[in-house]
Structures are given as structure tokens and as C-alpha cells.
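Trainee: Sequence plus predicted model, see below.
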Amino acid sequence: MIPTETTDACWEVELGVIIGRDARNVSVEQAVEHVFGYTVINDVTALDEMRDSMDTWTCPMTLLKNYETFCPMGPEVVLTDELPDAGQVGQRTIVNGVVRQDGSMADCWFTVSEIVSWLSSRFTLRAGDLISTGTPPGIAGMAPGDEVVCEIDGVGRLVNPVVAGWQS
């Protein structure tokens, strides 16, 4: 659902990393030992609010991603041993039947292991925590009536209809 407060919500296909056991100050080499599995995330963002707030910093970046319904995920979880090389998986977004993003985790700035290690150096990651890793180039706005499909090779396919929302 797109709330009435935003006029430019966009989709972002991202690999979701599910933590399986607590991680604190883990090395890059040890990081994947703390990962339970992976899922597909559509990391929806209110881009217009980001543009409006960048000059004044009145709206923290995290609020742009936290409207109700803005982080659909799933529908499956793939265990780490079923996807031994998450760093190379293809990612794509298809909007109304047209491929709009087509990349891979190799396009991201950081690997899954680097992300888990870095985050664990700042706070303890707990079993069940979910990390959204980043998106390939090509994000764009969506509108009510669109169908957004986020796919990650070896992980799954998430299909979301886009509808007009509510005033919060």
C-alpha cells in the first residue's frame, strides 16, 4: 500500500539475510556461520520524502522505509547450505511484465559476510534478525495498479500488487 503522504514510492529487490545465532564482533570469515538463511525483500522507499528531507535532515532515512506494508518479504526461506554462494545470486525486479532491475549480489558494494561482520561490530545481531543487503541499479517509482515481482535466483519470487493506501 502506498500511503497518501508519499507521491514517489519505489521498489528495490534485496536479498534478506536471516540471522540464525547471535553474532557479536564476528570476523568476515566467521560471519556466514551466523546466518540461518535467505529470503526475498522488496525494500520499498518513499523517494520524495528523501529528496524533501535531504536539505533539512528533518526526516531520518529510516522513516522513509518504515510505512506500514513497506517491506514485503518471502514467501520462502532458503537455508545457507542450500545457497552456498549468496554473493553471486542474480536479482531482478519485473514491473507489469517489464524487467526493470537485473543484476546480482556481485553488484552490491559489500558482501553478505562483510555486512554481517560490520553490523556485529556495532551491536549484537540476534537469532531472527533480518538484514536487507542492497539493490542493483535501476530503481524507479511505482503506482497503484502496478504488479511488482522481485526475484532472486535460488531464493524465490515475491509478487506484490500495488494499491493506494491510507492517510496515516
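Mentor: That came in fine, so what should we check first?

Trainee: Show me where the protein has its helices.
Mentor: For the chain, applying DSSP state H gives helices covering 28-31, 47-54, 112-120.

Trainee: ranking those by mean pLDDT, which is last?
Mentor: Mean pLDDT values for the helices of the chain show the minimum at helix 47-54, a mean of 60.

Trainee: Show me what Asn160 bridges to in the sheet.
Mentor: With DSSP bridges as the criterion, Asn160 is bridged to Val148.

Trainee: what sits against it?
Mentor: Asn160 is in contact with 11, 42, 72, 147-150, counting by Cβ atoms under 8 Å, 6 or more residues apart in numbering. (Glycine included, C-beta is placed from N, CA and C.)

Trainee: now with 10 Å?
Mentor: By Cβ atoms under 10 Å, 6 or more residues apart in numbering, the contact list for Asn160 reads 1, 11, 42, 44, 69, 72, 142, 146-150.

Trainee: so of those, which ones are in strands?
Mentor: Counting by DSSP state E, the part of those found in strands is 42, 147-150.

Trainee: Go through those and name the one nearest Val78.
Mentor: Cys150 (14.3 Å; Cβ to Cβ).

Trainee: gap between the closest one and Asn160?
Mentor: Applying Cβ to Cβ, to the nearest Å, the value for Cys150 to Asn160 is 8 Å.

Trainee: Over to Trp11?
Mentor: 8 Å.

Trainee: now Asp102
Mentor: Distance, Asp102 to Asn160, by Cβ to Cβ: 18 Å.

Trainee: Count residues in the vicinity of the nearest residue in space to Val44 that is not next to it in sequence, would you?
Mentor: In this structure, Val44 finds its nearest non-sequential neighbour in Phe70, 4.1 Å apart by Cβ to Cβ, 6 or more residues apart in numbering. Phe70 has 19 neighbours, counted by other Cβ atoms under 10 Å.

Trainee: List the contacts of Phe70.
Mentor: 1-3, 6, 9, 42-46, 64, 165.

Trainee: how about 8 Å then?
Mentor: 9, 43-46.
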